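1. Make a model of this:
(chains A, B, C and D)
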Amino acid sequence: MLLVYCPYCDVERAETEFSCRGQAHISRPSDPSQTSDEDWVNYLYMRANTKGVYAERWRHIHGCGRFFNAVRDTVSDKFLKFYKAGEPMPDLEALAKEAGK
Amino acid sequence: MKRYSFLELAKNAFSAHQNWGRQWRSPEPKAEYDVVIVGAGGHGLATAYYLAKQHGIRNVAVIEKGWLGGGNTGRNTTIVRSNYLWEESAALYNHAIGLWQGLSQDLNYNVMYSSRGVMMLAHTVHDVQVAQRHIHANRLAGVQNEWLTPEQAREYCPPLNISKNIRYPVMGAALQRVGGTARHDAVAWGYARGADDLGVDIIQNCAVTGIKRGQDGAVEGVETSKGFIKAKKIGVVAAGHTSTVMDMAGVRMPLESYPLQALVSEPVKPAFPCVVMSNTIHAYISQSDKGELVIGAGTDQFISYSQTGGIHITNHTIDAICELFPHFRRMRMLRNWGGIVDVTPDRSPILSKTPVPGLYVNCGWGTGGFKATPGSGHVFAHTIAKDEPHRINAPFTIDRFRTGRLIDEAAAAAVAH
Amino acid sequence: MSQPFRTEKGGRIERAEQLTFTFDGEEMHGHKGDTLASALLANGVHLVGRSFKYHRPRGILTAGSEEPNALVGIYRNGDQTPNLRATQVELYQGLEATSQNRFPSLGFDIGAVNDRLSMFFPAGFYYKTFMWPKSFWDKVYEPVIRSAAGLGKPPKNPDHDFYGNLYAHCDVLVAGSGPAGLTAALAAAETGAKVILCDEQAEFGGSLLSEVNASIDGKSPTEWAGEAIAKLDAMDNVTLLTRTTAFGYFAHNYVALVERVTEHLSSPDPKLPRERLWQVRAKEVVIASGAIERPMVFPENDRPGILLAEAGRTYLNRYGVKVGHKVVVTTACDTAWQAAFDLADHGVEIAAIVDMRETPPESLLSIAKARGIRVEAGCVVTGTLGRKRVKSALIGRLMTSGKVASGGQIDCDALLMSGGWTPTVSLYSQSRGKVVWNADMGAYVPGKSFQKERSTGGAKGLYGLQATLEDGYAAGEEAAKAAIGKSVKITYAASSGGEAGEGGTLGALPHDRNATKVKAFVDYQNDVTAKDVKLAVREGMQSIEHIKRYTTTGMATDQGRLSNMNALQIASGALEKPMTDVGLTTFRQPYTPTTFGVFAGVARGDFFDPVRKTPSHDWVVEHGGVFEDVGQWKRTWYFPKSGEDMHAAVARECKTVRDSVGLFDASTLGKIEVVGPDAAEFLERMYTNPWKKLAPGRCRYGLLLNDAGFITDDGVIGRLAEDRFHVTTTTGGAPNVFATMEDYLQTEWPDLDVWITSTTEQFAVAAVQGPKAREVIAPFIEGIDLSNDAFPHMSVKEATFCGVPCRLFRISFTGELGFEINVSRQNGTMMWETLAKEIEKHNGTTYGTETMHVLRAEKGYIIVGQDTDGTVTPQDAGMTWAIGKKKLDFVGKRGLDRPDLVAENRKQFVGLFTKDPQVKLEEGAQVTSAENPETGTPAEGHVTSSYFSPALGRNIALAIVKNGHALDGKTLYVPMPDGSIPVEITGPVFYDKEGARINV
Amino acid sequence: MSDTLANDLITPDVDAAPLLSQPGVSMLKAAPITRLSLRAREATLKDAGSAFGVELPVKPMTCNTGQKRAVLWMGPDEWTLLAPADDLKATFDAIEGKHESHSHALVDISERSEAVIVSGEKAVWLLNTGIFIDFSLETFPVGTVTRTIFHKSPVMVWRTGTDTFVVEAWVSFMDYVSGLLVQSARELEAA
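-> Reported below is the predicted structural model:
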C-alpha cells in the first residue's frame, strides 16, 4: 500500500484514500469536432505506459477530493514529485537523473 | 528428440536417469532469422512452435530478456476456460480449448490440462442476467456453458457456502465443464521443447534494445544485448513490456500494465474439486495437484513494473474467498507474488499486424492470457506466416480502438440499475 | 509420566507446571514453556511425520519456524488447523496434535511404497508420463496424484475464531529480538523514537535464550536480555510484540506483522481474537532476523533423530531436553562443537564429533579432549542407518584425491549436523533489496538498501556475540537518527564468550556410496534430492528458477530458507558456473505461512461489505418484503402477501399501480446538487441534452455518455433555480457519475463556476405512482397547487410534506401519473409510513424493484446496465431525441462520430412479442434470424429484459437487435436448448404509446 | 467532554443508548446538527465567514470554532459549516443572502451523515483497528479534521479532544462503522 502525499492537504496518506486515474497531462482536445479519429483515439486510449519515470493523475477521493499529479518510477514504485493540478509537467528526465536512474 | 513415455521413464530409471537429453538447447543467436519472436512466454513459444510445425518456418528465434516462461506464464493461476460473451472472444478462447485437449499428446509433454470445470458465481439479479446471457450466447457459438442452481453449484463444489445469510448469497452459477486448469510451467517447457526440436532457437537472457526499420519503414531486425539480429518479420509477444518494445518501433499502444497478484496456500489433501470464480466479490480459486489452494487477487490501481502489489488487494481477495469458503479461514498463505498484466481499454487482446510492415503484435491479454496460450500462438503464427490474420483473430486489431469496433468484455458485465 | 529425555535442571521451562497433551492419541507430558517439539523430544519422540512425495519417516529437524518436517495438525474445539510447525506450537494443557500425510498410521504408512519405487519418480517425472490413454488424466492419474499429494487435512468446519486488525505507525520497527535486535531497539528507544519490537517467538531474546556459555555485562545472556526487555517495557515510546512475525515487507516501508494472540492458551477468552494483523508504516526498519543453520547434504540425512546442531543446543539449554542419549555431531563449522560440549556437560554421551576439516581449531580440539570426546577430523558422514530413528552414522574419510574412504560406523540415537550459517534475508529480499554474494562468508548477504531499512547481526552474516551486540546498537542508532534526527550516547554492553566460529559447507557432500542408489536430501519437505537438482540441469534447466520449478526445491513451506544455498551450490557445480551466475530465487511474502483469517480480518458476514439500507428498511422487513442486493444497497425486490410467489406478487403490484396507486422507495438513486452560475453550462457539457433553456421548476431526462460515445448513465434532472440543479443518477452508477463530473470539472473545465455535492443520502425518496397518486399525496403536501395545469408532468418544486421541507418532482418511470417526494433522510421513515398508510385507503400497494422494472418495460424505458451494456449509443437505444442537436460538444459527442458508431448494422433497441403470448423469454437469450442457426452463427442480438406484463396480459421483452429499428413486424427467433421461440419485432413501447396517462 | 472542542455543538443524543461504554472507551451517538457544505473560491471566504460568524480556516485539515458554530476545512474550496440543528434555515439564508454576488455553492447536507463520539484512553487504539492514520498528537493534534477510510467505508474524523473524536459517516454506512467499532472494542473487555 503506497504512501501518497496530497499537495492540497499537505499530508501523506495510505493509497486507499486515493484513486489513481492514469497518465497525466493528457488533455481533452479543445475542439472535438475538428479532431481527427486518430487524435481522438490518442486522447481516449493511447498511453505511454512508461517503464520508468511517469507522470500520473491521482485524486484524493477519500480526502479533500482534489485531483493532483505525481511523478513515480513505475519500476521501483517510488514517488519523485507531487504537484497540484494545473502546474506544468516537470522535467521527467531531470527527475530521473536526480533519483539516480 | 527422445519421446517421453512410461516405457522411456522405466528404461531411464534403470540407468539412474543419467541419459535424459536436454529439453531445449541454449544456442547463441545466428545473424539472421526468418522470424524473430520477442518474448519467450507461453504465447511466444507457442507462436514459434506453430510457425515451425504448421507453416514450415523453422528459421525462427525466440528472444527472451530473462528465462523462458518466467513472466506471466509462470505467475498465473492456471485457469483455462472459453465462456466469453462475444462471439469473437468465444471463438478465440474456444480455439484454444480445442488445442488444450490434445496438447499433452501433441507436445509429448504432460501439461496436466485438467478439465475439472470452471464455475462462475452469480450473487445478484444482475449477475444472473449476465450469466444467462453468456450461457445463451455460448450455446449458439458452440461453447459449452450451463446454468446451475445454488444447490447444484454446491453439489459440484461441496465447500461452497450457499447460505442465504451471507452478505452476497450465491444465486446460481455458470459452469463450463470443459474449463479447468493446466500446469503453467509445463506449458512453457513443452512448447520450448517442441519448438527447439523443430529447429527454433530459444535465446534466453537476451534483451531486445531496439527495433531497426529500413527506409521503407519495414522492420529489418532487432538490436539485442547479444548483438544485432536480422529479420524481416518480428512478432512482439512481450505481455506487460509490450509498450516498451513497441515504442522502439515507434508504435504507440492502447495498453496499461498493472501489477496482478496471486497466492497459494500451504498444500493440503484434496479439498477443492474445481475452479470457482466470482466477479462480484472479486475472487477465484482452485487447488493445484500439489495440494495448494491457488487464488487470484486483483490488480493494483496504478501501472507498475514492480511485480509486487499492495497487501490491501490481498486482504480483499482473501476476505472474499473466506466468505464463500468459511472453513478456509484457518488455511494459511504460503506465497504471494505479482505479475505484470497488459490491459487494453476493452479488456480484449490485440493479435494483429501493425502499421509497421513486418511487425506483428500479440498483447493485451490482461488477466486472462494463460488460458489462450495454444490458440493465441496458433493464430498468431498464421498471422506472421501469411502476413494476414487468421479468421479467428481478424477482429482483434489495433485499429478497432480508432473505429470504435470494440470487443468489450468488461462493458458486458457492467453494473446495472 | 516420565520424560526420559528431560534434563535434571536448566532451561526456561516451568518444571513445576506439568501439562498433558496427546500426539496421535497417545497421552504425554511436558511443561509450560515447552513447544510441542521440545515436549515430544522430551518423551523420546522423533518420528513426527511423513514426507511429501516418498512418505519417508521424518523427525524434528530444527527448533524454529523454518522446520520442514515436523508439521502437525492441531485440533481444538472442533476446529482443526493443518501443517503447524511443532517447533512453534506452544504446549498447553490438553493440546491435541496429530501427524500428517500417513495412512493408516505414522508408524505404518502405505504411501511409503513410494520410497521403494522412487527410481521411477525423479524430478519432473509427471511431465513425461500419464499422457496415455488421454482420457485417463482426468479420471485416473490426476485423482491419484492429488490424493497422494498435499500434507495435512484441510479444515472441515467454518472457523469459529475471529481476527483483529491494527494500523500502527512508528519511527523504528525492529524485526527480531536476538542480540542485534534487542540492542537496536534499546539504542533507538533511548532517543525517544517510537519503536516497535517484534519477535515470532513466545519470548524475546532469540539466540540469547539458548546461550549459556557467555556473559554480557557480567550477567548471563538470559539475565541480561531479561533486564533489557524490562527496560524497554517501561518506556512509553516502545511497543513490544512477542509471538509476532513480520511476514511481509511492502512498498514505502509498509510492514505487515501477524500477532498470535490466543493460540498458545489452553482456554482463551472468546473475546480475544485468535490472531491479529498489524499493518505498520515505519519510518525506518531494522531487520534483525538472524541466521539459520544449514543442513548438510549427505545420504540419508533425513532420518528421525537427525537435527541441526544449534537446534540440539536450543532444546538442551532453552527447553531442558536432550535430543538423544548417544549423539554424533557432524559439522564443518565451529559452532556445532559447542552443541557437543553442552550436551556432554549434561551427561549425554557424544559418540563422536565428525568434522570435515582436516584441522579443526586447536581451541576446540582441546576442549573436546578435556571432555574425552572422540574427534574424527577430515571425515564426513556418508550415510545413516535406522528407519524410524537414526541408529548409526556411516563415516568416511576425505582423501586428498577428493575421494572418500570408508571410515566405519558409529552407533548413536541422534545425529546433530551443521553446514554453517545462512543469513535470513527474506525480509530484506521482500523489501526489494538485492542480495550480494559474499565469497568469504559463503553466503548471500543484504546489499544496498532499497527502502528505508538496514539489516543487522546474523541477518547480514555477522556472527559472534560482541560484534552482533555492537552492530545492533549501531543499527538502532542509525535508524533513529534517520527517522527523527536524534541520537544519544549508548552504553555498550561488553560480552565474553559466544564466539563467531568459522567454517561451513555448501552443497552435496562427497561419499563412497553408489550415487545412483542413495538419497541425500536438499529440500526435506518436498523430497528433493541432490540427484534431482543434477537431473534438472542435465535436462537443460539453466536458470535457478527453472531448477526450482522443475524439482520444486525451495518451494516448500519454508520457501527454501533451509534448502536454497545447498541447491544453488549443487546447481552451480552441475552447470559448471559460479554461484553468482546461477542466480537466486526471490523470497516472497509471507515470511512464514500466515492464516487466511488474518488477511480477511473483520470482513465477514454483514461486515464483509457495508449493508446500505434506506429509511423504509425496517418497515419492509416487518411487512415481509424481499430484498435484492444492488451494489451495497438492499433494495426491496417485491412485497409478497401470504401465499404469493414472486410472480403473483409482482403481477398484483403492477396491476395495482396501473389501477390505483403504488408506493416505491427510490432513496437509493444517486443525487447530486449542481450549484453555481455555470451550472447549466456544466450540464450542457456533461449530458447529451440541452439544459440552458430549461426553466426553473422544470425537469428533463438526462443521458450521460463516456467520451467514447457509449451510454453510461441516465436520470432526471430538475432545475430548482437559475444556478441550482437537482441531478439524479442510477443507484449503481452514482459514485462513478460523481467522480466523472469532478474529473471534468477539476481538470478540463476548472474555469467553470460550479460545484457538485452528493446529496444521495441527504434525501429519502418516495415514488407515488398511479392514477390516484395525486390524491394520495395531496393531504400531506403544502405549498403547491398539484393540479395538472399548475404542476404538469416534468415539474419540480420545493414544498413541505407533513410540515417538513420537501422537493416534489412530478415524474414517472411507470407511465402513470407520478410524483417523487424528497424529504431529508431523518424524515424518510415518517414519510414512508405516512404514505404506506395512505395508499391503503386507495387500495394501493407498496412495490419493489421488480414491479418497477416491469412497469418501465411496458413503457419502453431503458435501464442502463441492463438494456445497455457499455456498447450502446443513444442512436442504438432509439434516443436521438435526447441529443441536443445544436450543441457543439458534450461528453461523448465526438466519440459518436467514429466509423463503427455510425456504421450500418448496429444493434438497436426494440420490443419483442413472443408469438405465443404465454411464453416468457429468458433474459440474456439470443435472437437469431434463422430458426435453427448453425453452431457458430453470430446472433442478431439478445433479450435484455423480459417480463409478464399484467397490463397487456401477455409476455413482453426488450432486446438489442441488429438493424432492429428497420425490422418492425418481422419474425425472428430465440433459440433455446429445447427449440426455437419465434418472436415478432415491435417498438419498445408496449403500453399507452401516446403517453396520455402521464399527463392527467 | 468539557475539555473538548465544540462541546456546545457536538453533543450526545440523549435519547440514544450508549453504543459502547467501557472503562477505556465509550461511544455515543451524536445529536442531529446543521451541516452545510460550502464550496467557494477565495474571494468569497471572508463574506461567508462573517455571515456565518466564524472565519473559514484555510489551513488544511483544521477547524475554526465559535459560539455553537464550527467550520471544518474539507478541501481547498470546500468547508463544512456546523451549527445547531434548529439554526439550519437561518444559517443557510444568512450566507446565501450575504454574498449573492460571489459564486459559491451552499448545500444542506445536515442529514447526509451521522456522527458518533468516540472517547477515552483507548479511543485511538479503537480507531486504529480500522483507520490507518497516525493519531499521535504531534501529527494529528486536537482540532484536526479529515476524511479517510474506515475498513471499507468512507468516514470523517474530527479530533475534538486529546481522547475524543467525532467520527462521521454517511447514514447508510453508520451501522457498519459503529458496528465494527463495537465489535473491535470487545477484546478490551477480555480478562
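2. Close to chain A: what parts of chain D are there?
-> Proximity of chain D to chain A (C-beta under 8 Å from any C-beta of the partner chain) is limited to residues D:60-61, D:74-76, D:78, D:132-133, D:146-149, D:154. Placement of C-beta: from N, CA and C, glycine included.
3. Of those residues, which belong to strands?
-> D:74-75, D:78, D:146-149, D:154 (DSSP state E).
4. From those, pick the one nearest chain A.
-> When these are ranked by distance to chain A (C-beta to the nearest C-beta), D:G75 comes first, at 3.4 Å.
5. Any idea how many residues pack against the nearest residue to the closest one once chain neighbours are set aside?
-> Excluding its sequence neighbours, the residue lying closest to D:G75 (C-beta to C-beta, 6 or more residues apart in numbering or on different chains) is A:C64, at 3.4 Å. Using other C-beta atoms under 10 Å in any protein chain shown, A:C64 is surrounded by 25 other residues.
6. Quick check: A:C64 is in a helix.
-> No: counting by DSSP: H, G, I helix; E, B strand; the rest coil, A:C64 is not found in a helix; it is coil.
7. could you measure it against A:R72, distance?
-> According to C-beta to C-beta, to the nearest Å, A:C64 stands 20 Å off from A:R72.
8. Show me the residue of chain B that gets nearest to chain C, please.
-> Nearest to chain C, among the residues of chain B, is B:A411, at 2.5 Å (C-beta to the nearest C-beta).
9. Now the residue nearest to that residue when sequence neighbours are not counted. Its backbone dihedrals?
-> In space, and not counting its chain neighbours, B:A411 is closest to C:G870: 2.5 Å by C-beta to C-beta, 6+ apart. Main-chain dihedrals, C:G870, degrees, to the nearest 10: phi 90, psi 0.
10. C:G870 touches B:R347, doesn't it?
-> No: in this structure, C:G870 is not within contact of B:R347 by C-beta atoms under 8 Å, at 10.6 Å.
11. mind listing what C:A679 touches?
-> Applying C-beta atoms under 8 Å, 6 or more residues apart in numbering or on different chains, one finds that C:A679 lies in contact with C:723-725, C:754.
12. And the spatially most central residue of chain C, how far from chain D?
-> Centroid-nearest residue in chain C, with C-alpha atoms, centre = their mean: C:F599, separated by 5.3 Å. Computed with C-beta to the nearest C-beta, to the nearest Å, the distance linking C:F599 and chain D is 13 Å.
13. what's the answer for B:W67, then?
-> Distance, B:W67 to chain D, using C-beta to the nearest C-beta: 38 Å.
14. for that residue, helix, strand, or coil?
-> Under three-state DSSP, the three-state class of B:W67 is coil.
15. Count the neighbours of the closest residue in space to A:Y45 that isn't next to it in sequence for me.
-> Leaving aside its chain neighbours, A:Y45 sits nearest to B:P254 (3.8 Å; criterion: C-beta to C-beta, 6+ apart). Residues lying near B:P254 (other C-beta under 10 Å) number 23.
16. got the phi/psi numbers for B:P254?
-> Dihedral angles for B:P254 - degrees, to the nearest 10 - are phi -80, psi 60.
17. What strand or helix carries C:S406?
-> C:S406 belongs to strand C:404-411 when assigned by DSSP states H and E.
18. what mean pLDDT does the helix or strand just after that strand have?
-> Toward the C-terminus, strand C:404-411 is succeeded by strand C:414-418 as the next helix or strand (DSSP H and E). Computed over strand C:414-418, the mean pLDDT rounds to 98.
19. Give me the sheet partners of strand C:414-418 and which way each runs.
-> Strand pairing for strand C:414-418, using DSSP bridges, gives strand C:306-308 (parallel), strand C:326-331 (parallel).
20. Go ahead and name everything in contact with stretch C:875-895.
-> So stretch C:875-895 is contacted by A:29, A:31-33, A:35, A:40, A:44, B:404, C:684-690, C:701-711, C:744, C:862, C:867-868, C:874, C:896, C:901, C:906-909, C:960, C:965, C:988 (C-beta under 8 Å, 6+ apart).
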